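**Student:** Below are the sequence and a predicted model for it; my questions follow.
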Amino acid sequence: MLRLTPPLLLALLLSGCPSFVTVVDDDDDSAGDDDDATTDDDDATDDDDATDDDDAAPGGLDAIVAILDDETMPIQAIDTVIREFGWTGGLPATDGSRWLFVTRWDDASGTVSVAGDFDDWTPGTHPATAAATGVHWYVLVDDAVIDAGDRYRWHTSEGDAYRDPPESTAYGYDAFGLFGYVSPPSGLAWRERFPDLDTEHLVPPRTLRALLPADFTAGGSYRTLLLHDGQNVMNPDAIWGGWQADVALAAPEFADVVLLAVDNAADRLDAYTHTTDVADFVTYGGQAAGYHGMLTEAVLPFFRDRYGLAAEGDSLMIAGSSLGGLLSLWIGMTDDSLAGCVGAMSPSLFWGASDPSLDGSQALANLWSAHGTTAVYLDSGGDAVTCSDDDGDGIHEDTADFDNYCETAQMRDVLAGLGYAFDVDLWHWHEPGAEHNEAAWAARLPRMLQACSDGGWTAAAAR
């Protein structure tokens, strides 16, 4: 369940701020729980919240400004206001006539202002007011000067420095780094983000992200791609340049794909693995079921409601790399009704058999015992070597130099032995010499997307 617990006043104020997109079905209650992301009470997807198409309630932004100016409001309460706006209507927020920009900037000095395309990036044109907390800043800008796709950043006169807006819901990248969109662009794809997901399934909070295709229309017919390690998949500043999923999805053949991504957190070794194993002399693992619960009960219901997506069955593809690839395969094996295709690049299929004390019975190649309905894509880099089970645990050995080549080839053979058919519901690719990093996965991403497309990954509208 997704936990959104704004105070009553905030819930009332949110009713006055329309969102970037309009969800077609406001009454969906697929998760069936009064506290999750699909209820019709006071959470992020109700009939009166920021995802409907009602006119703004008069004075909504003024009431929020009054909260920002209230000396009795603690810093944490204002942080909650900012977070909840991001999760519901989005930031900056509008009442139809004005836009409210608000941020937290603890060490700001000098004159703070918001600058962007709407004022030709002229600092000081729209000066910010310090909130009563002393660490929050806000600006009201007339809607008449705002165009769809206008970019913005914060600015301080101290050192003539710009700052990326961490609160902006819609965002992108240019030569200077991350920028926020005041409202999404027309005719271009754009990203959205939702920080600090809090669920009962996994303890550390994590950010959700989306990449919406150009001219996206909520409730339309789309394919959905869900990726793990979300902070690496469409961030050009990510390690090794990231997956560059935005580049891959810009190809015409993927114009109907909505990308959803879940950032990893400090519990990655636990959350991405279905059983325990040892890494660097520490035992980790066994919380993949919690991650699956987070996806099915919080992440996917939230995205379905926000964007009007089907995001299930043949319209949904789930994929990852390394441990994210292992996780995707485990989901495909244990819940083959969730996604039509799973993709695993350089999957860590040694997990459950790497520690010498383990018999390998919980490694995925030894667990997968039936031909399911979910298509599977596998790949790896490294060198094609002669693989063997040297320690008798049923899993072929590999080395750090081979990018999980042996384990991936073994998984291919296991699935083929269970009746999966090559180029029908099973694909395997070996990229000789490719390394275990994001640059290599970015290069193979279009191949994986095409394989799942060939396997029946098709667009669908929400029911």
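**Tutor:** Thanks, I have the structure now. Residues are numbered from 1 along each chain as shown.
**Student:** Low-confidence regions, the protein specifically.
**Tutor:** 1-59, 399-401 (pLDDT under 70).
**Student:** Try it again at 90.
**Tutor:** Applying pLDDT under 90 to the chain flags the ranges 1-60, 383-386, 390, 397-402, 463.
**Student:** Now do the helices in it.
**Tutor:** 8-14, 60-68, 75-87, 245-248, 268-271, 288-294, 300-307, 323-334, 364-367, 405-417, 438-454 (DSSP state H).
**Student:** so can I have TSV of the ones you listed showing distance to Pro236 and mean neighbour count?
**Tutor:** (Each C-beta comes from the backbone N, C-alpha and C, glycine too.) Listed next are the helices of the chain as TSV, based on distance: least, C-beta to C-beta, whole Å; neighbours: other C-beta atoms under 10 Å:
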stretch	distance to Pro236	mean neighbour count
helix 8-14	33	18
helix 60-68	33	19
helix 75-87	22	19
helix 245-248	9	21
helix 268-271	22	22
helix 288-294	27	19
helix 300-307	23	25
helix 323-334	19	26
helix 364-367	32	20
helix 405-417	28	21
helix 438-454	11	21
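**Student:** The closest residue to Gly419 other than its chain neighbours: neighbour count?
**Tutor:** Nearest non-adjacent residue to Gly419, counting by C-beta to C-beta, 6 or more residues apart in numbering: His371, 4.1 Å away. His371 sits with 15 neighbouring residues when counted by other C-beta atoms under 10 Å.
**Student:** Show the contacting residues for the nearest residue to Leu445 once chain neighbours are set aside.
**Tutor:** In space, Leu445 comes closest to Ala248 once its chain neighbours are excluded; the distance is 4.7 Å by C-beta to C-beta, 6+ apart. By C-beta atoms under 8 Å, 6 or more residues apart in numbering, the contact list for Ala248 reads 254, 442, 445-446, 449.
**Student:** Next: Tyr138.
**Tutor:** 65, 68, 100-103, 128-129, 131.
**Student:** repeat that with 6 Å
**Tutor:** Contacts for Tyr138 were tallied using C-beta atoms under 6 Å, 6 or more residues apart in numbering; they are 68, 102, 129.
**Student:** List just the nearest of those residues to Gly219.
**Tutor:** Nearest to Gly219, judged by C-beta to C-beta, of these is Val102 at 29.5 Å.
**Student:** so that closest one bridges to which residues?
**Tutor:** Tyr138 (DSSP bridges).
**Student:** quick one on the thing from earlier: in JSON lines, list the helices of the chain along with distance to Ala148.
**Tutor:** Listed next are the helices of the chain as JSON lines, based on distance: least, C-beta to C-beta, whole Å:
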{"stretch": "helix 8-14", "distance to Ala148": "22"}
{"stretch": "helix 60-68", "distance to Ala148": "19"}
{"stretch": "helix 75-87", "distance to Ala148": "19"}
{"stretch": "helix 245-248", "distance to Ala148": "19"}
{"stretch": "helix 268-271", "distance to Ala148": "37"}
{"stretch": "helix 288-294", "distance to Ala148": "33"}
{"stretch": "helix 300-307", "distance to Ala148": "18"}
{"stretch": "helix 323-334", "distance to Ala148": "34"}
{"stretch": "helix 364-367", "distance to Ala148": "46"}
{"stretch": "helix 405-417", "distance to Ala148": "44"}
{"stretch": "helix 438-454", "distance to Ala148": "28"}
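**Student:** Neighbours of Arg151, how many?
**Tutor:** Using other C-beta under 10 Å, Arg151 is surrounded by 21 other residues.
**Student:** repeat for Gly433
**Tutor:** 11.
**Student:** And for Asp398?
**Tutor:** What Asp398 shows, counting by other C-beta under 10 Å, is a neighbour count of 23.
**Student:** Identify the residue nearest it in space, chain neighbours excluded?
**Tutor:** Closest residue in space to Asp398, ignoring its immediate chain neighbours: Cys406 at 4.2 Å, by C-beta to C-beta, 6+ apart.
**Student:** and what of Leu202?
**Tutor:** Nearest residue to Leu202 in three dimensions, chain neighbours excluded: Gly290, at 5.1 Å (C-beta to C-beta, 6+ apart).
**Student:** What's the separation between that neighbour and Leu269?
**Tutor:** 13 Å (C-beta to C-beta, to the nearest Å).
**Student:** Repeat that for Trp105.
**Tutor:** 34 Å.
**Student:** and if you look at Asp229?
**Tutor:** Here Asp229 is placed at a distance of 13 Å from Leu269 (C-beta to C-beta).
**Student:** Contacts only, for Asn232.
**Tutor:** Contacts of Asn232 (C-beta under 6 Å, 6+ apart): 238, 242-243, 438.
**Student:** Determine which two of those residues are furthest apart.
**Tutor:** Across the contacts of Asn232, the longest distance by C-beta to C-beta is 7.8 Å; it joins Ala238 and Trp243.
**Student:** Would you mind measuring the gap between the ends of stretch 234-254?
**Tutor:** 15 Å (C-alpha to C-alpha, to the nearest Å).
**Student:** Tell me the buried residues in it?
**Tutor:** Using 16 or more other C-beta atoms under 10 Å as the test for burial, stretch 234-254 gives 234-235, 238, 242-246, 248-249, 254.
**Student:** any chance of those residues in CSV, with distance to Leu326 too?
**Tutor:** What follows is these, written out as CSV (distance: C-beta to C-beta, whole Å):
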residue, distance to Leu326
Met234, 22
Asn235, 22
Ala238, 20
Gly242, 20
Trp243, 17
Gln244, 22
Ala245, 19
Asp246, 25
Ala248, 22
Leu249, 24
Phe254, 25
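**Student:** Among those residues, which one sits closest to Ala310?
**Tutor:** Here the nearest of the buried residues of stretch 234-254 to Ala310, counting by C-beta to C-beta, is Phe254; it sits at 16.6 Å.
**Student:** separation between that closest one and Ala238?
**Tutor:** According to C-beta to C-beta, Phe254 and Ala238 sit 20 Å apart.
**Student:** Is it correct that the residue nearest to Gly419 is in contact with Leu418?
**Tutor:** Yes: under the criterion of C-beta atoms under 6 Å, His371 makes contact with Leu418 at 4.6 Å.
**Student:** circling back: what is in contact with Gly290 and Leu269 at once?
**Tutor:** Counting by C-beta under 6 Å, 6+ apart, nothing touches both Gly290 and Leu269.
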